[in-house]
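In: Kindly generate the corresponding structure for this input.
(one chain, ligands or ions: 2)
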Amino acid sequence: MDYLKIFDTTLRDGEQSPGASMTREEKLRIARQLEKMRVDVIEAGFPAASNGDFEAVKAVAAAVKESTVAALCRTQDRDIARALEAIKPARSGRIHTFIATSPIHMEKKLRMTPDEVIVTAVNAVRFARNGIDDIEFSCEDAGRSELDFLCRIIEAVIKEGARVINIPDTVGYNLPEQYAERILRLRERIPNSDKVTWSVHCHNDLGLAVANSLAAVLAGARQVECTINGLGERAGNAALEELVMAVRTRQDVFPCDTRIDATQILAASKLVSGITGFPVQPNKAIVGANAFAHESGIHQDGVLKHRETYEIMRAEDVGWNANKLILGKHSGRTAFKSRLRELGIEVDSEQILNSAFTRFKELADKKHDIFDEDLHALMNDEAMTPAQEHFRLVSTRFHSETGETPQADITLAAGSVEHHASAEGSGPVDAAFKAIESVAKSGADLLLYSVNSITTGTDAQGEVTVRLSKEGRIVNGQGADTDIIVASAKAYLNALNKLQSTLERLNPQV
Ligand code: KIV
Ligand code: ZN
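Out: Numbers count the residues shown, from 1 in each chain. Ligands and ions are numbered 1, 2, ... in the order given. Just a heads-up that it's a prediction; the model follows:
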């Protein structure tokens, strides 16, 4: 049985999604969860992109002990030196260097000849070898590169000491059979191909990222690059949870398995969704709210009689607790804390625990049944530390009546000063945002507004996502409450706080 390595790039490629930019603390929280899930390699960022990203990679490298920490860099000495410096504290570090190899990228973007690209790649690996042994080399846009050229450049970098060769389908252009064929041919034709681990990195532009990655595994790839919830550039990367569960569920087909602790998958998904503000669609495989819900009577009947009639995986194996009722108004602090731990949420500060427990009690006063999803939402809210919170919602009053213009009266604190504002709008949410804007005067553009129900029932909390853009910066804000207008106001303020925050958000692309 072969071993399939999971290389998670949520903190690097995932962060390149518009608005998914994270702070150092946020990256650290996600890295700890990835380590707990037993991810083999965590790509923590692109140190040469900004000082903030350099510091974040360094912090992740210092904190993570059980996974390898990788840093991305172009094939320039300055980039590589910066990446080497950032991963110095790691117990196990990796340099991931890349250069484009497709005709269109070499000619139009790099303006280099193929021979120059080979020399640059070889020099980069040689330079990196002075600092580290674990070197991964990626042929950017390999999915559209010429096979002969790939063979030449890959053979040369392996000779120079690269240990992992990554074949990215950067623009998500390939089809599974074609991509698998590419991996097979490269492995067959390159004389020193057995000296390295073959890795794949697929984008989802045609919705084929997971299918392409799995086809490549069958063709001999033994590392897959992926992200939690499939986050990433444009349509995203291959989703970690789908890859891991496909390989595990179809052991009759795959000659390999990962060492991932799948029971941590849901906690990772919730954490990434909460931090980035990218909600998970209900019908998303593995981690969507409906992924294990059986609606039709025939299906329910079948599952009750024999679970495997309609289920190929067990919900609990990926961290679901079947929407189990867990806590209520009378639950104590110890029960609250231990449930959080069971959900994979570690709270290391007493102050945060106390404040989260107070919120939990407030929620339990409004809502009889508190589900795991409520706790995840509550802890995501809690993670917004006071230091980042310039704007805070103090109180709200809304008036909405048939035939009348909706009106919102809002009291909010900006720093230590309280402001009151009233506004009318085409609906109560519009009125609330206008009232907030009359105080905040951010001038930001609203790019996206969405509401999801966290659990079932009319007393469910609504989880609102608001995406704002200002002067090229895009941020996502989230808020949850049983009152969706209040959740909307919280989400708007959360996004404003991110725009306002002096904490550097680390989007390598900016
Ligand atoms: O998609 C891509 O080609 C990449 C490389 C940097 C690996 O993200
Ligand atoms: Zn990518």
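In: Residue numbers of the chain in contact with ligand 1?
Out: The chain comes close to ligand 1 at residues Asp13, Phe98, Ser138, Glu140, Asn166, Pro168, Thr170, His201, His203, as judged by C-beta under 6 Å from any ligand atom. Placement of C-beta: from N, CA and C, glycine included.
In: Past the lowest-mean-pLDDT helix or strand in the chain, which element shows up next along the chain?
Out: For the chain, using mean pLDDT, DSSP states H and E, the weakest element among its helices and strands is strand 325-327, scoring a mean of 69. For strand 325-327, the following helix or strand on the C-terminal side (DSSP states H and E) is helix 333-342.
In: How many neighbouring residues does the residue of the stretch 351-500 of the chain found nearest ligand 1 have?
Out: Nearest residue of the stretch 351-500 of the chain to ligand 1: Ile474, at 19.5 Å (C-beta to the nearest ligand atom). For Ile474, the neighbour count with other C-beta atoms under 10 Å is 23.
In: just checking, it is part of a strand?
Out: Yes - Ile474: assigned to a strand according to DSSP: H, G, I helix; E, B strand; the rest coil.
In: For it, which non-adjacent residue is closest in space?
Out: Spatial nearest neighbour of Ile474, excluding adjacent residues (C-beta to C-beta, 6 or more residues apart in numbering): Gly19 at 4.2 Å.
In: Verify the contact between the residue of the stretch 351-500 of the chain closest to ligand 1 and Thr276 for me.
Out: No - under the criterion of C-beta atoms under 8 Å, Ile474 is not in contact with Thr276, lying 11.2 Å apart.
In: who touches both of those two?
Out: Contact criterion C-beta atoms under 8 Å, 6 or more residues apart in numbering; residues shared by Ile474 and Thr276: Gly19.
In: Generate a ChimeraX selection restricted to the buried subset of the residues of the chain next to ligand 1.
Out: In ChimeraX, a selection of the buried entries from the residues of the chain next to ligand 1 looks like this (16 or more other C-beta atoms under 10 Å):
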select :13,98,138,140,166,168,170,201,203
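In: right, and the pair among the residues of the chain next to ligand 1 with maximum separation?
Out: Spatial extent of the residues of the chain next to ligand 1 (C-beta to C-beta) is set by the pair Phe98 and His203 at 14.0 Å.
In: what residues are shared contacts of these two?
Out: Taking C-beta under 8 Å, 6+ apart as the criterion, Phe98 and His203 both touch Pro168.
In: Below-threshold pLDDT in this structure: ranges please.
Out: Applying pLDDT under 70 to the chain flags residues 295, 322-326, 384-388, 502-510.
In: Tell me the one of the residues of the chain next to ligand 1 nearest Arg392?
Out: Nearest to Arg392 among those: Asp13, at 33.4 Å, using C-beta to C-beta.
In: Just list the residues touching the closest residue in space to the closest one that isn't next to it in sequence, thanks.
Out: Nearest in space to Asp13, with sequence neighbours left out and distances taken as C-beta to C-beta, 6+ apart, is Gly232 at 4.6 Å. Contact analysis of Gly232 by C-beta under 8 Å, 6+ apart lists Thr9, Asp13, Gly14, Gln16, Ser17, His203, Asn204.
In: Number of residues surrounding Ala291?
Out: 18.
In: Three-state assignment for the residue of the chain most remote from its centre, please.
Out: The C-alpha centroid of the chain is most remote from Gly403, which lies 43.7 Å away (C-alpha atoms, centre = their mean). State at Gly403, reduced to three classes by three-state DSSP: coil.
In: ditto for Asn452
Out: Recorded secondary structure, Asn452: strand (three-state DSSP).
In: Now the residue lying closest to Arg24 once chain neighbours are set aside: which helix or strand?
Out: What sits nearest to Arg24 in space, not counting adjacent residues and going by C-beta to C-beta, 6+ apart, is Ala56, at 4.3 Å. Per DSSP H and E, Ala56 falls inside helix 51-63.
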